[in-house]
Structure formats: C-alpha cells, structure tokens
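# show me the folded form of this:
(chains A and B)
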Protein chains: 2
Amino acid sequence: MHVYLDGAYRERALASVSVDDRGFLFGDGAYEVIRVVNGRLVALDRHARRLRRTLDGLSIAPPAEAGTDALTAIIAELLARDALRDGEALIYVQITRGAAPRTHQFPIPDVRPTVYVAAAAFTPPRALRERGASVITHPDIRWGRCDLKTVNLLPNTLAKQRAVEAGADEAVLVREGVVTEGSTSNIFAVIDGELRTHPLTTHILGGVTREVTVEAAAALGVPTREAPVLLEELPHAEELFLTSTTNDVMPIARVDGQPVGTGRPGPVTLRLHHAVAERLGME
Amino acid sequence: MHVYLDGAYRERALASVSVDDRGFLFGDGAYEVIRVVNGRLVALDRHARRLRRTLDGLSIAPPAEAGTDALTAIIAELLARDALRDGEALIYVQITRGAAPRTHQFPIPDVRPTVYVAAAAFTPPRALRERGASVITHPDIRWGRCDLKTVNLLPNTLAKQRAVEAGADEAVLVREGVVTEGSTSNIFAVIDGELRTHPLTTHILGGVTREVTVEAAAALGVPTREAPVLLEELPHAEELFLTSTTNDVMPIARVDGQPVGTGRPGPVTLRLHHAVAERLGME
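Numbering: from 1, shown residues only, chains lettered A, B, ... in the order given. Modelled structure (predicted):
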C-alpha cells in the first residue's frame, strides 16, 4: 500500500511525519474522506470545496493539492498503484499547517503545509443498512466550530468509543437538549411526516451526504425543514436516519435501546436512500 | 539535538511518527511542559500526576514513561546529550494512544502508546515580567473537558494567534461572560483586595503554577477565593496576572489596550511572584 506525503508516493509502512508537525502537536489541520466507486471520485467538487473552506477557517494557505485537478491526479495514482480502480475505495486527505518549532501561534515565516493522501479498499455497510443502525445519545461537548472539518477529533472519538462499548454503531450528540449530529455523521428525523435536520450552524459539520439528501428530498417533494430536533422528540420520531460518506443514508433502528417507529427502516428513509445513491452515482 | 521517541533516543531532525498515529489523525493524546533549572525538574510530581490524570480521562493505559522514575531518567539522558544540565530548559512530553488503522473508536487490540519527550534551552521572559504582559479578551469556544491537557489545541492556537496579530502576548478566554483562563495560562485578579481565580471545573486546566500560587497566597494570608471573574469586572481589577510553567507569575499591564490598575505590576502580584518562585526553587 502507498500513500502520498509531502509531494512523493511512499510505502505506507514507511510514511511518517515530523514530531514537529502541527497536526501531531496541536491537531492543527483539516481532513476529508472521499468515496471512490470503480475509480470515480464521488462528489469530489463538494469535498474539495469543504476542504478549502476548512483551510480558510484555520488560515492555512491552500496548497496545490487542495485543488480538484491536483487531488484527482494524486488519487488516480494511488488507485493505480494499489489496484483499487475496480470496486469501492475510500480516500483520506489530511492537510496540516506543517512542521515548525512548537509555539501556539502560527510559525513565522509560514512553513509548507503537510499534505497526506491515502487510499484503502472499502466495503459499504450493506447488511447494517438492511436492519438499521443502533445509536446511543451522548452529550455534545465539542468546541464552537464544528462546521470546520479539523483533526481536533477527541470528543468525536470518545463518543464513538462509548457507542461501541454500549454495543451500538454511532453516538448521536445532544447539546443543551438539541440533537446536533452523530460523532461521524449527520442525523435526520421524520416527525409528523416532516423531514427535519439541524440547520447549518457552527454546531454541526455540513456533511456532503447531508447536502445531497436535502437536495434529493426537495426534488422528491418530501416536506423538509432545516430546524433542530429536540432530544425529547426522538422517542416520537416516525423515522430516523444518519448520513455520511461511508454510510450514505443509514436507517436508525434503535435509540438508546428503544425501537424507532416500527423498528424497521421506514419509507421516507428508503426513498431517500435510493435517491441519494442515484444522485451520487452509486446505483 | 535529541529526542526520546518510542523507547529510543534519536536525532530530532530524524524523529517522526507514523501517519497512522492517532496524535496526528485525531489529536488523541496528552502532553505536559516541564521546567528544568540547572538540571532540577521543577514540580515534576505535579506534572506527572496531571499527565496520568489526562491519560486516565482519555482511557489511555499509562506507559512506563508516565511514571516519575522513568520520566526522570529519560529527561536526565536528554539533558546530558544536549548539554542542557546548566541553566534553564523546557521539557515537552507527549503521549498518544498510538498508531493504528484509522477508526474513531479505540483500536482493538490496544496498541502501544506513542511516547515523545524533547528538551530545549529556555530563557524566562524576564523583561516582559518587568513591564507586564498585554492581553486581549477572546471568546472561549473550547470543548467541555478543558481540565484534560490534551493535544486537541486548535482553539488555543487560534486564540493565541489572534493575540499575536493584535500585538498582545496572550488571549484571555471568556465563556458566557466568565473569564476562564488564558490560551496557555491561568489568570488571577485582585478585585476589592481579594485574589480570585476560576475554580477547578471542566472549563479550565488546573495549572501547576496556578496550584502553587493558590498555596502561596494561603501561606501569605492573601484573601483568596476560587470563584469566577466576570468579563465586566476586568476593567475594575486592581491587579491581574497570568500563571503558567513558562511565565511563572506574569503581571498583566493591559487588557484590550486599557491599563490594569496603575499599568504597572501590582504589590500582590509581585509578592506572589516571589513566593511562587521560592516554592518552585527558582530563586
């Protein structure tokens, strides 16, 4: 397996970053995860746009590799080297501010950002989608800029770990009584026949699959409102589902051990799953 | 210059961590900064205790190097190799959950934590202490476990950068009208003759120098209360100072461009500076 790191392709086992890298010292970087289906990059433009938005939010000057053309070429090379052009793969892209002697403030002069891209084979969670995911609710203790896709991910990792320990698939985060999103996903609810998801504020990450789902719902005429779902509304939801690059539209079957609706993936969820998959060229 | 990394001493320029290190991918790790004066580790027990507390909060099993004996031996070796046994030095210790294929949940089985220790010559900011630091106030948008000393430090770095851009030395963070702490320091105020600092909650890091300062104030009979200082009280403070391992007790001369008290380091601040320095064996 190969990765792209700082301008060169390397064996993954040999790929390493300086102990002075600000990604390692401060989590000072942006990342994206991109799906690949038979060599085609899914929603690359949306991922690249969000990557540049995060870099802008961190005042990291975007390196050439943050552009779609350069990124496409790097990914194509990785897929070719590791025989990943057929079937499904996931691309991981991380850009940090670079390596410099440790100071909280940005290095002077600017250093070259560290650019890391890796590819891996991927199997979509189809069996889980058939039966629906199990989630727990968990306090959302993240910082105030969840709209930036940075590698300051400790609260996400701790929440996900708590979910796994509880035998669940995802932790749904709750801030002051409001359901914000999952630890690695966005969340939608169907309540009184209306589709609802948290609006785009600094409290959630604007997911690519979330965006496509909102577009698909509009095209299908599903009544939709980008408005907060309250924790106390969850037991009354007719349907719940997660969206993410790796999960697409993932029905939620249980919340904190209690069944959602009938306990089986609901009709709005299934319609949107197919519509989103079609828009993303997955089926 | 040498560093200690994963059980070996290496040239700093050659020291690197895997791209799969969870420090790099998630900021999933703890750190400490320890002062050394003429080869003597200042308040090592307190730093080691806090390091183990952070590791416990992250559910990272403490490696041998988190113990005071092992840490002392590693630091002694680094100081010897780099001729840092005379004068002042700073030790940086970082322990991450280790390297593993990227998943938010913890790796199964456990992997060996990454342990990184580095030493560098240090010059205390004596001139700044003479005239007092300049600070800006800045929104505190950090997560809900600021009591853990982790490398999820993006909000701290962004706040410190904002301070530097404003020509100031530190950003003092304010959460819902309450002054919590600095981006890399704790803060104390003297208001109506009483010394006040934020209590030990999940909203601040319990600083080693903060702890010693509270002890010194008690010993000196300075009326002290661990209670929040409000943003609106700052203009009325008779004295303000920061505490941190690198700054000791650092008078604040200006807040958002306005002088504090007389604009010169105040009497309580100076008494505490000397008392803390004495307790830490600095003078």
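
# which bits of the stretch 101-250 of chain A sit near chain B?
Residues of the stretch 101-250 of chain A lying close to chain B by CB under 8 Å from any CB of the partner chain are A:102, A:104-106, A:116, A:118, A:139, A:141-145, A:150-158, A:160-161, A:163-164, A:183-184. Placement of C-beta: from N, CA and C, glycine included.

# selection in PyMOL covering whichever of these are buried, please.
Burial among these is assessed by 16 or more other CB atoms under 10 Å in any protein chain shown; the matching PyMOL selection reads:
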select buried, chain A and resi 102+104+105+106+116+118+141+142+143+145+150+151+152+153+154+155+156+157+158+160+161+163+164+183+184
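
# where does the prediction get shaky in the stretch 51-200 of chain A?
For the stretch 51-200 of chain A, no stretch has pLDDT under 70.

# can stretch A:46-62 be found next to chain B?
Yes: Stretch A:46-62 is in contact with chain B by CB under 8 Å from any CB, via A:58-59.

# what does that stretch contact?
A:28-32, A:34, A:66-68, A:71, A:93, A:95-97, A:106, A:110, A:113, A:145, A:147-150, A:206, A:208, A:211-212, B:154, B:158, B:161 (CB atoms under 8 Å, 6 or more residues apart in numbering or on different chains).

# just the ones of the residues of the stretch 101-250 of chain A next to chain B in helices?
Judged by DSSP state H, these include A:154-158, A:160-161, A:163-164 as members of helices.

# and which of those is nearest to residue B:168?
Taking CB to CB as the measure, residue B:168 lies nearest residue A:154 of these, at 27.9 Å.

# how about the helices of chain A, start to end?
According to DSSP H, the helices that chain A contains are A:22-26, A:44-57, A:68-81, A:126-131, A:154-165, A:208-220, A:267-279.

# relative to residue B:10, which of those helices is closest?
helix A:22-26 (15.0 Å).

# packing partners for that closest one?
Under the contact definition 3 or more CB pairs under 8 Å, 6 or more residues apart in numbering or on different chains; DSSP states H and E, helix A:22-26 sits against strand A:16-18, strand A:88-96, helix B:22-26, strand B:88-96, helix B:154-165.

# mean neighbour count, these: which tops it?
Across the helices and strands packed on helix A:22-26, averaging neighbours per residue (mean count of other CB atoms under 10 Å in any protein chain shown) puts helix B:22-26 on top, at a mean of 29.

# pLDDT (mean, whole number) over it?
Mean pLDDT, computed over helix B:22-26, is 98.

# put the alpha carbons of it into PDB.
Output in PDB follows, covering the C-alpha atoms of helix B:22-26 (Å, rounded to 0.1, in the frame of the first residue of the first chain):
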ATOM      1  CA  ARG B  22      -3.700   8.900  16.500                       C
ATOM      2  CA  GLY B  23      -2.000  12.000  17.600                       C
ATOM      3  CA  PHE B  24      -1.700  13.100  14.000                       C
ATOM      4  CA  LEU B  25      -5.100  11.800  12.900                       C
ATOM      5  CA  PHE B  26      -7.300  12.800  15.900                       C
END
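
# quick one: contacts of it?
Residues contacting helix B:22-26 (CB under 8 Å, 6+ apart): A:17, A:21, A:23-24, A:27, A:94, A:96, A:151, A:153-154, A:156-157, B:17-19, B:28-29, B:94, B:96-100, B:102, B:104, B:107, B:114, B:151.

# kindly report the same for stretch A:234-241.
Here stretch A:234-241 has contacts from A:135, A:137, A:179, A:187-193, A:229, A:249-252, A:255, A:258, A:260-261, A:265-269, A:272-273, using CB under 8 Å, 6+ apart.

# residue A:109 - how many residues pack around it?
6 (other CB atoms under 10 Å in any protein chain shown).

# try residue A:135
Other residues lying near residue A:135 total 28 when counted by other CB under 10 Å.

# and it, how far from chain B?
Distance, residue A:135 to chain B, by CB to the nearest CB, to the nearest Å: 14 Å.

# then residue A:255?
19 Å.

# residues near that residue, how many?
Residue A:255: 21 neighbours (other CB under 10 Å).

# bridge partners for it, pull those for me.
Using DSSP bridges, the beta-bridge partners of residue A:255 come out as residue A:135, residue A:258.

# contacting residues around it?
A:135-137, A:172, A:234-235, A:240.

# now a ChimeraX select for only the buried ones of those residues.
Filtering the contacts of residue A:255 down to the buried ones (16+ other CB under 10 Å) takes a single ChimeraX command:
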select /A:135,136,137,172,234,240
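
# what's the closest of the contacts of residue A:255 to chain B?
Taking CB to the nearest CB as the measure, chain B sits nearest to residue A:136 out of the contacts of residue A:255, at 12.7 Å.

# on that earlier part again, of the ones in helices among the residues of the stretch 101-250 of chain A next to chain B, closest to residue A:122?
Checking those one by one against residue A:122 (CB to CB), the nearest turns out to be residue A:160, at 17.9 Å.

# what lies in contact with stretch A:98-107?
Contacts for stretch A:98-107 (CB under 8 Å, 6+ apart): A:17-18, A:20-22, A:25-26, A:59, A:97, A:110-114, B:92, B:153, B:156-157, B:160-161, B:163-164, B:183-184.

# contact partners for residue A:81?
A:2, A:9.

# before we move on, what about the one 10 residues further on?
When contacts are counted by CB under 8 Å, 6+ apart, residue A:91 touches A:32-36, A:41, A:75, A:78, A:117-119.

# 7 Å instead?
Contact analysis of residue A:91 by CB atoms under 7 Å, 6 or more residues apart in numbering or on different chains lists A:33-34, A:36, A:75, A:117, A:119.

# now do residue A:33
A:90-92, A:245-246.

# average pLDDT across stretch A:252-267?
96.

# and it, how far out from the chain middle?
Computed by CA atoms, centre = their mean, to the nearest Å, the chain-centroid distance of stretch A:252-267 equals 22 Å.

# how many neighbours does residue A:42 have?
Using other CB under 10 Å, residue A:42 has 21 neighbouring residues.

# partners of residue A:99 in the sheet?
residue A:21.

# how many neighbours does it have?
Other residues lying near residue A:99 total 22 when counted by other CB under 10 Å.
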